[in-house]
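Trainee: Using only what follows, build the 3D model:
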Amino acid sequence: MNRIDRLFGILILLQSKKHVSAETIASRFEISVRTVYRDVKALSEQGIPLCFEPNKGYFIVQGYFLPPVSFNTDEASALLMMERFIEGFADKSIKQHYQSALEKVKNVLKSNQKEVLENLNANIRLQLPKRLRSDVEYLSLLQNAIADKNIIYIKYKNYKEEISERRLEPIGLIFYAFSWHLIGYCHLRSSYRDFKVNNILQLNCSSLPFTLTEHISINDYMKQLPVDY
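Mentor: From the prediction side, this is the model:
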């Protein structure tokens, strides 16, 4: 990768995250930390308003907008391929958001790239069993609740067909055993519980903040899963 491409790549990386450490940039582009310092200086000299926060990393000053990102054909094709997996492994809410995002990507493509994608789209299919199809629309709402750290209320049906109402502090979503699972701290049971998203009958999101200041990380919770798939 030449330096111009690398500088543009660093700019895109900074645009996509709140903070990025020098070590992260160095690892991503396979360069030394010293080279990162030189590249960041070069970007600043070109008028990019970069700042540094100790123990967090570099960031672009809020309010600065970059020109629209361009995609090459391989990158756009990869996104198109992912659309097929979204159709099989996500619910209606995520599909809608992804299709909207993909349309924005297509809008910045050149005419010949759009033609390639249209031809490719007609020749890629994903065959999945019915058990993976989801008719619910909760994943997007659950993502927001997890990100905002807000309490949610659900009506849930377990494998015994028993229905209960729960007050949860959602900490993450895990796809395992061919289904999406919501992991959250249950106020009724006073412990962390695993809820299959397809079995949630009703979901109400509140603006109430979590009552617990710290939660188990989703990575640590995954170590407790009954299966490894």
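Trainee: For this protein, just list every one of the strands.
Mentor: 50-53, 57-60, 150-157, 163-176, 179-186, 191-196, 200-209 (DSSP state E).
Trainee: The fourth one pairs with which strands?
Mentor: Same thing as strand 163-176. For strand 163-176, sheet partners with direction are given as strand 150-157 (antiparallel), strand 179-186 (antiparallel), following DSSP bridges.
Trainee: Near Pro129, how many other residues are there?
Mentor: Residue crowding around Pro129 was assessed by other C-beta atoms under 10 Å; the count is 8. In short, each C-beta sits where N, CA and C put it, glycine included.
Trainee: Same check on the one 5 residues further on?
Mentor: By the other C-beta under 10 Å criterion, the neighbourhood of Ser134 contains 20 residues.
Trainee: re the thing from before, comparing the strands of the chain, which comes out most buried?
Mentor: strand 179-186 (a mean of 21; mean count of other C-beta atoms under 10 Å).
Trainee: And the average pLDDT for that one is what?
Mentor: Averaged over strand 179-186, pLDDT sits at 96.
Trainee: in this structure, which segments are predicted with low confidence?
Mentor: Filtered on pLDDT under 70, the chain yields the residue ranges 65-69.
Trainee: The residue nearest the centre of it and Pro209, how far apart?
Mentor: Nearest to the mean C-alpha position of the chain, by C-alpha atoms, centre = their mean, lies Gln143 at 8.7 Å. Between Gln143 and Pro209 the distance is 17 Å, computed by C-beta to C-beta, to the nearest Å.
Trainee: cool, Asn112 as well?
Mentor: Computed as C-beta to C-beta, the Asn112 to Pro209 distance reads 50 Å.
Trainee: ok, back up a step: is it possible to export the strands paired with strand 163-176 to CSV including distance to Ile31?
Mentor: Rendered in CSV, the data for the strands paired with strand 163-176 read as follows (distance: least, C-beta to C-beta, whole Å):
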stretch, distance to Ile31
strand 150-157, 40
strand 179-186, 37
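Trainee: I'm done for today, thanks for sticking with me.
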